[in-house]
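*Asks:* Next comes the sequence, and after it the predicted model I'd like to discuss.
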Amino acid sequence: MRYRRRMGSIQYGGSDAPIHIEDRALAHLKVVIATKLRRQESFTLSWKHADGDTVGRSTIWVHPSIPLRFVFDDPDAASLNAQWIERLMHSANSTGGISLVDEVLEVQS
């Protein structure tokens, strides 16, 4: 049986082109983005394009007044990694804005 990666998306502003992000990463981004917007903070969000999309990377300006929708492929919520959220929040608070960094799993010894 082959594992199928679940791809979610962000629909931002009036754009017809969704931003494709793997479901697990999107669940973590949603926490950080919601936290920033709840505080009425604007920021940039940068990511590498998903497989199948045009090669490259993009950045958007996220502002509380612009409509935003998170769409998940998986109907069940992902378990969250507090360390990954912390890393994303740290990047969100930097001058470069949120960079979608890979999840770091804690190694058990």
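*Replies:* Cool, the structure landed. Residues are numbered from 1 along each chain as shown.

*Asks:* Just give me how far the top helix by length along the chain sits from the chain centre.
*Replies:* Longest helix in the chain by number of residues (criterion: DSSP state H): helix 23-38. Between the centre of helix 23-38 and the centre of its host chain there is 6 Å, according to Cα atoms, centre = their mean, to the nearest Å.

*Asks:* Share the number of residues neighbouring residue 92, please.
*Replies:* By the criterion of other Cβ atoms under 10 Å, residue 92 has 21 neighbours. C-beta coordinates here come from the backbone N, C-alpha and C atoms, glycine included.

*Asks:* which residues in the protein form strands?
*Replies:* 7-12, 19-22, 43-48, 57-62, 68-71, 98-99 (DSSP state E).

*Asks:* where does the chain dip in pLDDT?
*Replies:* Regions of the chain meeting the criterion pLDDT under 70 cover residues 1-4, 106-109.

*Asks:* how about a cut-off of 50?
*Replies:* 1-2 (pLDDT under 50).

*Asks:* Can you tell me the centre-most residue of it?
*Replies:* Centre of the chain computed as the mean C-alpha position; nearest residue by Cα atoms, centre = their mean is residue 29, 3.5 Å away.

*Asks:* May I see the buried residues of stretch 65-77?
*Replies:* Neighbour-count burial for stretch 65-77 flags 68, 70, 72 (criterion: 16 or more other Cβ atoms under 10 Å).
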